[in-house]
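1. 3D, please:
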Amino acid sequence: MITGATAGIGLAFARSLAAAGHDLVLNARDATRLEQVAADLRAASRVDVEILVADLSDREQCRAVEARLSDPHRPIEILINNAGFGINETFVDSAIDDEQRLLDVLVTAVMRLTHAAVPGMLARGSGAVINVSSVAGWIPSGTYSAAKSWVTVFSESLSAELAGTGVHVTAVCPGYTHTEFHQRADMNISEIPQWMWLDVDQVVQRALADVRRGHAVSVPGRQYKLLSVLARHAPRALVRRATARTMR
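-> As a prediction, the model looks like this:
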């Protein structure tokens, strides 16, 4: 199952897994786009593709996705928690309902869907949870960074908890990636240098390789491996000052 499957990293995961012969369950809010993606994947890869239209910020709709994940008669071998969005405003200037919706999708839904999927995986002795996080989780930059920090730490914790069970949990932490994410959030990305951009298919291939190796954290791109080390180990005051300058 892949959440946020109609664009960006979620769509790239869907194409890669379908090409490898995996049947899919795709979740997103937009029924029309979901139907089109499913039709394209069926035609290209001849796999079964089920769609599940649901807004993960809505608790009742999220429960429908949880129920599908926990169905013992239709087991899910891999869960990819990818759904997300950004807010192009400071915390003080943003609408609190938008902030809450961001946490509902990036944190609460990740927790609830993982909790629904893992017991079945444990019973079968195999499975994987891939949580799409971000290098932003290592820098102080608003609710989005805080949410991604939670995703990474949650994934690391669960990876350690499940060691030796056959169930693997990996946080994928990309940097700037060529997707619709920034445009949909109306973010100005014109000044971001080319060397900082990742190709979405390379992000997915790196992530899947790291899952197979049992890595708890996957950081695609040499540039972000270096930047993530600096962000994690540099003095926090220095990281805060550097982040503040880039946000001005």
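2. ok, the closest residue to V132 other than its chain neighbours to A43 distance?
-> Distances taken as CB to CB, 6 or more residues apart in numbering put N82 closest to V132, at 4.4 Å, once the chain neighbours are dropped. (Glycine included, C-beta is placed from N, CA and C.) N82 sits 23 Å away from A43, going by CB to CB, to the nearest Å.
3. if we can go back for a sec, wait, the residue nearest to V132 sits on T3?
-> Yes: taking contacts as CB atoms under 8 Å, N82 lies within contact range of T3: 5.4 Å.
4. picking up where we left off before, could you check how many residues crowd around the residue nearest to V132?
-> Using other CB atoms under 10 Å, N82 has 24 other residues around it.
5. which helix of this protein spans the most residues?
-> Using DSSP state H, we find that the single longest helix of the chain is helix 142-161.
6. Could you give me the buried positions within that helix?
-> Buried positions in helix 142-161, judged by neighbour count with 16 or more other CB atoms under 10 Å: 142-152, 154-156, 158-159.
7. same deal with stretch 228-238?
-> S228, A231.
8. what's the offset of it from the middle of its chain?
-> Here stretch 228-238 is found 23 Å from its chain centre; the criterion is CA atoms, centre = their mean, to the nearest Å.
9. can you list contacts of whichever strand or helix holds A43?
-> Using DSSP states H and E, A43 maps to helix 31-45. Outside helix 31-45, the residues that touch it by CB atoms under 8 Å, 6 or more residues apart in numbering are 5-7, 11, 14-15, 18-19, 21, 24, 26-28, 47-51, 53.
10. and after it, which helix or strand comes next?
-> Taking DSSP H and E, what comes next after helix 31-45 is strand 49-53.
11. Just give me how far the longest helix of the chain sits from the chain centre.
-> That offset, for helix 142-161, works out to 11 Å (CA atoms, centre = their mean).
12. quick check: mean pLDDT across that helix?
-> The pLDDT scores in helix 142-161 average 97.
13. helices or strands up against that helix?
-> helix 96-103, helix 109-124, strand 127-132, strand 167-172, strand 217-218 (3 or more CB pairs under 8 Å, 6 or more residues apart in numbering; DSSP states H and E).
14. In terms of secondary structure, what does the first one contact?
-> Read that as helix 96-103. helix 142-161.
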